[in-house]
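A.B. asks: Below is the sequence, then the predicted model.
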Amino acid sequence: MSDLIQLRSPDGARATLSLQGGQLLSWQPAGAGEQLYHSPLSRSGPGLAQRGGVPVIFPQFAAQGVGPRHGIARTRRWALAHRDQGRQDALAVLRLQDDADTLRDWPHAFGLELTVRLSGAVLEMELAVENRGESRFEFQAALHSYWAVEDAARVVVEGLQDRRYMDSLSGLDGVQHSHRLELLSGKPIDRIIYGPASPLRLIELGETQTRRLHIETEGFDDVVLWNPGSEHGLADLPLADWQRFVCLELAQIEHRPVLEPGEEWVARQTVRLL
Ligand SMILES: O=P(O)(O)OC[C@H]1O[C@@H](O)[C@H](O)[C@@H](O)[C@@H]1O
């Protein structure tokens with residue numbers, strides 16, 4: 001079976017999901033172009049992390065644990081649990097469960113379910129985590145969204161004012177004072193920001209028009225803002241492509257949810273192109 005799932009809602013919105021990684025790769029709202037960046041140098045396959053779309057980070061963010069960087073979900077093959085086309089939408093549900101291979105990296109029985117629904121100018125993504133084992137576990141999670149832009153240096157993010165953050169580049173804590181956070185041309189940025197507003201607004205100030213993505217969060221307490229800048233050394237990213245995306249990743253990092261056996265945790269992002 002092919003790794004790619006194509007979704008199309010009756011109003012023309014489209015998406016592509018990859019079972020490898022359980023990853024949304026492409027989203028085109030009705031009447032609009034591609035909203036997600038995907039690196040042309042990205043590789044896909046067992047054990048590989050694809051650079052682009054929306055990788056699922058679970059159960060560990062970055063190197064904040066003893067397991068694989070950004071967790072075990074983005075490098076595994078997920079299963080298609082369900083797909084449907086309604087009168088006004090299309091949806092797919094992907095699942096990942098523990099197996100002998102995941103248990104070697106993280107010794108817990110879990111179920112992950114990613115639901116992707118599209119309709120018109122709106123994309124909904126829901127991540128559910130279930131404890132299927134006999135002992136409690138804690139985790140971190142994120143939807144590591146690579147939003148495609150023409151020029152990252154023309155992007156501003158609103159909704160972070162007065163929020164605390166941790167700068168992952170310097171290791172220092174800070175507070176975002178201004179209403180608009182502007183990305184600086186070519187400079188890397190890597191911050192975990194706590195308690196963002198909902199919706200967050202990602203605004204691209206183009207020559208002739210302004211593009212706005214409103215990102216509502218439900219259940220995610222943090223957000224990561226990341227762009228590697230012009231001197232990145234990422235082998236799976238063309239050197240100039242730092243300009244082509246901004247990662248705004250709804251996340252649960254600071255307060256790790258604890259799940260007792262049988263319990264479930266659910267969080268959502270709802271993205272609207274205005
Ligand atoms: O190269 P990776 O493992 O996909 O990570 C990409 C980036 O992911 C972000 O979430 C982190 O904040 C960055 O520190 C990291 O560089």
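C.D. replies: Noted; the coordinates are in hand.

A.B. asks: Which pLDDT does the model give the residue in the stretch 101-250 of the chain that the ligand sits nearest to?
C.D. replies: Of all residues in the stretch 101-250 of the chain, the one sitting closest to the ligand is Trp226 (4.2 Å; CB to the nearest ligand atom). C-beta here means a position set from N, CA and C on the backbone, and glycine is covered the same way. We have a pLDDT of 98 for Trp226.

A.B. asks: pretty sure it is touching Asp190, no?
C.D. replies: Yes: taking CB atoms under 8 Å as the definition, Trp226 is a contact partner of Asp190 at 5.0 Å.

A.B. asks: Those two: which has the busier surroundings?
C.D. replies: Neighbour totals were compared for Trp226 and Asp190, and Trp226 leads with 20 against 17 (other CB atoms under 10 Å).

A.B. asks: ok, and the closest non-adjacent residue to that one?
C.D. replies: Nearest residue to Trp226 in three dimensions, chain neighbours excluded: Cys247, at 4.2 Å (CB to CB, 6 or more residues apart in numbering).

A.B. asks: what about the one you found, helix or strand, and which?
C.D. replies: For Cys247, the enclosing helix or strand under DSSP states H and E is strand 245-252.

A.B. asks: Can you spell out which helices and strands pack onto that strand?
C.D. replies: strand 141-143, strand 146-148, strand 155-158, strand 200-205, strand 210-218, strand 222-227, strand 264-273 (3 or more CB pairs under 8 Å, 6 or more residues apart in numbering; DSSP states H and E).

A.B. asks: So which of those strands is the most surrounded?
C.D. replies: Most buried of the helices and strands packed on strand 245-252, by mean neighbour count (mean count of other CB atoms under 10 Å): strand 141-143, with a mean of 27.

A.B. asks: Pull up the pairing partners for that strand, direction included.
C.D. replies: strand 56-57 (antiparallel), strand 245-252 (antiparallel) (DSSP bridges).

A.B. asks: Could you point out the helix or strand that follows the worst-scoring helix or strand of the chain on mean pLDDT?
C.D. replies: Least confident helix or strand, the chain: strand 180-182 with a mean of 93, by mean pLDDT, DSSP states H and E. Counting by DSSP H and E, the next helix or strand C-terminal to strand 180-182 is strand 189-194.
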